[in-house]
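Student: here is a sequence together with a model predicted from it:
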Amino acid sequence: MKKIFKNLLILTALVSLLNGCTKFLDEKPQTEIGSTVFWKSEDDIKAGIAAMYDGIQSIFDNNYTLYGDARTDEVRVGQYGNISYAMNGLTAGITGSNWTNFYVTIQRANLGIKYIPLVKEKYQSGIAQEAINHYLAQCYTTRALCYFWLIRLWGDVPVWTEPYEDINMSPDKARTPRDIIVDTLIQKDLERAATLSNPSLNNVFEANIGATYALAMDVAMWKKDYPAAVDWYNKLLALDTYSLEPTATWKNLFIAPASTKGAIWSVFWDWTVDGGADASTLIGAGNTNSDFEVEDSVWNYWTTMPADIRGPQTIDFNNDWHDKILKFYAPNLDAKGNQLYPNGAEANILFPIYRWADVVLLRAEAANKLNDPVTALDLLNQVRTRAGVEIYRADSLNNQAIMEDAILSERKLEFFMEAKRWFDLLRTDKVIEVMDPILKQRQAETASPEVGWGDPRTILWPIDGNVLNANTKLEQNPPY
């Protein structure tokens, strides 16, 4: 374990510095340099920030799909996928159970939080304080993002708020209750980032001020603190930066987010530097079958609702196996009009983390919870209008439960395969309500015992066996 943390304490950072911010966000660490010879210039800061974003890429590379969609009613597992995701059969050895990449990224954020101010103080006083503040804001927001995903996936988790820099220091750490993590770390980090971030710097591939506000709103919704969620939404609105992407250019949110008004924070990817995004092989890259297929409820809706512009830009209607999801790929048609897919090694996926439609529908959900159906309906219908489908009438959504279901259904379509569905079900306490009958159906189809969801404790993920062995203070999430 000390060897693992030795690798974490050494900043994986000496990055060729860039001429442009897109390249900067994508640069890979080329070597490992300790903090005693690093963190002495703004170039070092940029390299450290690049290493942190590289950590985010590693988190989402494959697990974006596994964490956010694989266990939901959006997809079912195809003949080449691991059926455990579809049948609630996770184990401590399954892909996704290892949280190491989150902690690697947290370590890099912690290094930035500690050393970025010292660069100006000790070595390069000419760096503008506004620039220092913005670098720090990115670190705080990234750390908050990592812990927010950790607590929703595993519950209580160990907390590191200082970089691990001494191999003589014990790497063993007990888990902190997730509610405490939310209240004393995640929210505090976001509040701090909000005061430090420069609103004029709005790179969609960075943890910018909009990303900070959107994440803070999401956290408030998780806590069911709806007035706070509304406050964060209002801060986003006041930026006067974002709006729903027009119907005609909706696809750009996924293939060219920097060109849109609707993208808030996306993960940059360049396969020539990073290799292909592994998630692509799960959902449609190459000419072979994918791990996951579109669930019938989604397929049937879009194939019978031609007015909805999202359907043909999200799933491949020409594919008989229903396992080609083209949402993240630019149109590239052969002579017969069929989409051509990149092979897995050359696939870019610009993973959306937050976009404007997300916060609009969260705001609708908050309004519904605050007994403001007029606002909820208006916001919900804004998204439906942009999608090209008929708006809801007030008399059709005439109570809070029906309105909530309509909002969640819209989110299921709007954010299909964007790592939102699982967390929507979690946030609204609907995992078992929604998934139990679906699992019973899947079990019947495979001649398995029809137990449905089974143990409610399996909502949380198991902890990878190697992670448990490396930290003597950890215990496995029951009942795994």
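Tutor: Received, thanks. Residues are numbered from 1 along each chain as shown.
Student: please count neighbours and contacts with C-alpha atoms only from this point.
Tutor: Fine.
Student: convert the C-alpha atoms of stretch 442-456 to PDB, please.
Tutor: Extracted in PDB, the C-alpha atoms of stretch 442-456 (Å, rounded to 0.1, in the frame of the first residue of the first chain):
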ATOM      1  CA  ARG A 442     -35.100 -10.000 -16.700                       C
ATOM      2  CA  GLN A 443     -34.900 -12.900 -14.200                       C
ATOM      3  CA  ALA A 444     -37.900 -14.600 -15.700                       C
ATOM      4  CA  GLU A 445     -36.400 -14.300 -19.200                       C
ATOM      5  CA  THR A 446     -33.200 -16.000 -18.000                       C
ATOM      6  CA  ALA A 447     -35.000 -18.600 -15.900                       C
ATOM      7  CA  SER A 448     -33.400 -17.100 -12.800                       C
ATOM      8  CA  PRO A 449     -35.300 -16.900  -9.400                       C
ATOM      9  CA  GLU A 450     -37.600 -13.900  -9.600                       C
ATOM     10  CA  VAL A 451     -36.400 -12.100  -6.500                       C
ATOM     11  CA  GLY A 452     -36.400  -8.600  -8.000                       C
ATOM     12  CA  TRP A 453     -33.900  -6.200  -6.600                       C
ATOM     13  CA  GLY A 454     -33.200  -8.300  -3.500                       C
ATOM     14  CA  ASP A 455     -31.200  -6.800  -0.700                       C
ATOM     15  CA  PRO A 456     -31.600  -3.000  -0.600                       C
END
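Student: just give me how far it sits from the chain centre.
Tutor: 29 Å (C-alpha atoms, centre = their mean, to the nearest Å).
Student: next: stretch 242-260.
Tutor: Centre to centre, stretch against its chain (C-alpha atoms, centre = their mean), the figure for stretch 242-260 is 18 Å.
Student: check stretch 332-343 too.
Tutor: So, by C-alpha atoms, centre = their mean, the centroid of stretch 332-343 is 28 Å from its chain's centroid.
Student: got the end-to-end distance for that stretch?
Tutor: Stretch 332-343 has an end-to-end distance of 13 Å (criterion: C-alpha to C-alpha, to the nearest Å).
Student: and the contacts of it?
Tutor: Stretch 332-343 is contacted from outside by G284, A285, G286, N287, D316, N318, Y329, P331, using C-alpha atoms under 8 Å, 6 or more residues apart in numbering.
Student: measure the last one to I391 for me?
Tutor: What it means is P331. Taking C-alpha to C-alpha, one finds P331 at 28 Å from I391.
Student: and the first one, by the same measure?
Tutor: The spacing between G284 and I391, counted by C-alpha to C-alpha, is 32 Å.
Student: neighbour-wise, which of the two wins?
Tutor: The residue with more neighbours, out of G284 and I391, is G284; 29 against 15, by other C-alpha atoms under 10 Å.
Student: need phi/psi at the residue nearest to the more buried one when sequence neighbours are not counted.
Tutor: Spatial nearest neighbour of G284, excluding adjacent residues (C-alpha to C-alpha, 6 or more residues apart in numbering): K324 at 4.3 Å. The phi/psi pair for K324 (degrees, to the nearest 10) reads phi -110, psi 110.
Student: which residues touch K324?
Tutor: I283, G284, A285, N289, S290, E293, I315, D316.
Student: what secondary structure does the residue most central in space within the chain sit in?
Tutor: Residue closest to the average C-alpha location in the chain (C-alpha atoms, centre = their mean): I353, at 4.6 Å. Secondary structure state of I353, per DSSP: H, G, I helix; E, B strand; the rest coil, is strand.
Student: hmm, back to that, of the contacts of K324, buried ones?
Tutor: With neighbours counted by 16 or more other C-alpha atoms under 10 Å, the contacts of K324 contain buried members at I283, G284, A285, N289, S290, E293, I315, D316.
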